[in-house]
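Visitor: need coordinates for the below:
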Amino acid sequence: MQSHSDKVTAAANRIIQNLLLNTNVESFGILHQMPFIEFRNEHGSDMHLTFDSKVLFSPTYQGEVSDEDRMLIGMNSLNLKKVTKAQCNDAADLEIYFEGGAWLKISGSSKDRYEPWQLSNDIPVAEGGSSVIALDGGGYAIWEGQQQE
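Guide: Got it, this is the predicted structure:
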């Protein structure tokens, strides 16, 4: 029998995969001191990932730069790449893998004990929108709407 935590993580993974698989990195940056990556699917719909947590990129830039520049260099290395795999775990860590072997890993523990990351398709829940918000140290807040006919 699955625990409540396992069920929540499984639901978060289902939504993450639904939103991200086969999308491409469309844009990225830092808005209001919050890093973000936008993904676009084949239908032209955008998914938005924001994060305030430790992030690792592969390939890793080896030069001496500030943390902010290292993040922008890492995000740039993913620009226009297609997502091949996306998953999260009970600790709220998020891993996204891209064509060509590149990857992005976001820690489920935030810098300021707030939500370490969130992913949404920016559609209102009442119109079928989905959103996953990672909780600091583990767990998820999930909104998943169904379109009304």
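Visitor: CA only for contacts and neighbour counts going forward, please
Guide: OK.
Visitor: which stretches in the chain count as helices?
Guide: Counting by DSSP state H, the chain has these helices, from start to end: 4-20, 67-78.
Visitor: now mean pLDDT, mean neighbour count and distance to Q118 too, for those helices, in CSV please.
Guide: Shown next, in CSV, are the helices of the chain (pLDDT from 0 to 100; neighbours: other CA atoms under 10 Å; distance: least, CA to CA, whole Å):
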stretch, mean pLDDT, mean neighbour count, distance to Q118
helix 4-20, 95, 18, 10
helix 67-78, 92, 17, 16
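Visitor: among the ones you listed, which comes closest to Q87?
Guide: helix 4-20 (5.7 Å; CA to CA).
Visitor: tell me which other helices or strands the closest one touches.
Guide: strand 83-88, strand 130-134, strand 140-144 (3 or more CA pairs under 8 Å, 6 or more residues apart in numbering; DSSP states H and E).
Visitor: at 7 Å instead, please
Guide: Packed against helix 4-20, as judged by 3 or more CA pairs under 7 Å, 6 or more residues apart in numbering; DSSP states H and E, are the following elements: strand 83-88.
Visitor: convert the C-alpha atoms of the strand it packs on to CSV, please.
Guide: In CSV, the C-alpha atoms belonging to strand 83-88 read as follows (Å, rounded to 0.1, in the frame of the first residue of the first chain):
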residue,chain,number,x,y,z
VAL,A,83,13.2,17.6,-22.6
THR,A,84,13.6,13.8,-22.7
LYS,A,85,12.9,13.0,-19.0
ALA,A,86,11.6,14.9,-15.9
GLN,A,87,11.1,13.6,-12.4
CYS,A,88,10.9,14.6,-8.8
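Visitor: distance to D93 added to the helices of the chain, as TSV?
Guide: Below are the helices of the chain laid out as TSV (distance: least, CA to CA, whole Å):
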stretch	distance to D93
helix 4-20	11
helix 67-78	17
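Visitor: mind checking which of the ones you listed is nearest W143?
Guide: helix 4-20 (9.4 Å).
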